[in-house]
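Colleague: my questions are about this predicted structure, shown below with the sequence.
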Amino acid sequence: MSSPGDGRSPADDESVRAGGADERPRTVQGWLRWFWTVDRGGAMVVREFLVSVGAVLLVGLLLFSLSGVWPPMVAIESGSMEPNMQPNDLVFITDNDRFVEDAAHGDTGVVTYEAGRETGYQKFGDYGDVIVFEPNGNDRQVPIIHRAHFWVEEGENWYDRADPDHVGNADSCAELRNCPAPNDGFITKGDNQVTNQRYDQARGLSGPVQEEWVIGTAEIRVPWLGWVRLQLAELAAGGTPQVTLAPAGGPIPWDDGTTTVDAPMAV
């Protein structure tokens, strides 16, 4: 206990450690000191919980400040970006206006495969940017993460610009979906050459991707870390996490050729 005349109040005395009720602090400063230093009981549990929540929020704010997108991470659900992205990868994305390359198309901040091939710009093992976008601008649909191949203008006949290997059996613009282009936007496609041979627009998955449909560009992937998020999402939906195995030599049964992402990634 403090001695008379030493200038210390009972609230500041170390007697506020685990003693009787009469030894509890009596000022705000004393309560804060006690709460920060108590080493047992419910107060300690509450303090550690608040510290953990604060750390998560701090990391989230830091990632948001870097990416300009919330959530700043997405978990890959399917396999049409293989081999450059794998199911269960966790991918960090940024706003497409955050880090703009000289080769980006106009003001979109996105470098297409076409421009990347001319300038040598590559991301995730191939030319151009990989983008996360809302198909047809519908925010109720699961976002898709595919590579931007080239930009088209509204009304453009883009058949002659397309890679013949990625238009299916179409022999002309008239036989190709979304040709002429119904609007300005990116022509996109997954990297997997087995399950995703055609452009998304040729398959009817989305019209040409308008700039405002783009959520962000993929920057960094972390293998397998997205598995945790996907399992939690499955549990939250009331299901049981399952592992679906592909037949020997066959495609993954649940992969429809579109690499989707689980967007609400908790940091």
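Modeller: All right, it came through fine.
Colleague: quick check: next helix or strand after the helix or strand harbouring Ile145?
Modeller: Assigned by DSSP states H and E, Ile145 falls within strand 144-152. Reading on from strand 144-152 to the C-terminus, the next helix or strand found by DSSP H and E is strand 185-189.
Colleague: ok, residues contacting that next one?
Modeller: For strand 185-189, contacts defined as Cβ atoms under 8 Å, 6 or more residues apart in numbering pick out 105, 108, 110, 112, 131, 133, 144, 146-152, 158, 162, 166, 196, 198-201, 206-211, 213-214. C-betas here are computed from N, CA, C, even on glycine.
Colleague: that older thread, and the strand holding Ile145, average pLDDT?
Modeller: The pLDDT scores in strand 144-152 average 97.
Colleague: between strand 185-189 and it, find me the angle.
Modeller: Our comparison of strand 144-152 with strand 185-189, counting by axes from the mean of the first three to the mean of the last three Cα atoms, to 10 degrees, yields an angle of 130 degrees.
Colleague: for strand 144-152, buried residues please.
Modeller: 144-152 (16 or more other Cβ atoms under 10 Å).
Colleague: the bottom helix or strand of the protein by mean pLDDT?
Modeller: Within the chain, no helix or strand scores below strand 261-262, which has a mean of 52 by mean pLDDT, DSSP states H and E.
Colleague: secondary structure element holding Gly207?
Modeller: Residue-wise, Gly207 maps onto no helix or strand under DSSP H and E.
Colleague: and it, what does it touch?
Modeller: Here Gly207 is in contact with 136, 178, 181-183, 185, 201 (Cβ under 8 Å, 6+ apart).
Colleague: let's go with 7 Å and repeat that
Modeller: By Cβ atoms under 7 Å, 6 or more residues apart in numbering, the residues touching Gly207 are 136, 178, 182-183, 185, 201.
Colleague: and those residues, which are buried?
Modeller: Applying 16+ other Cβ under 10 Å to the contacts of Gly207, the neighbour count classes 178, 185, 201 as buried.
Colleague: quick check: the gap between the first one and Gln29.
Modeller: Looking back up the chat, that one is Asn178. Asn178 sits 67 Å away from Gln29, going by Cβ to Cβ, to the nearest Å.
Colleague: what of the last one?
Modeller: Remark: distance between Gln201 and Gln29 (Cβ to Cβ) = 65 Å.
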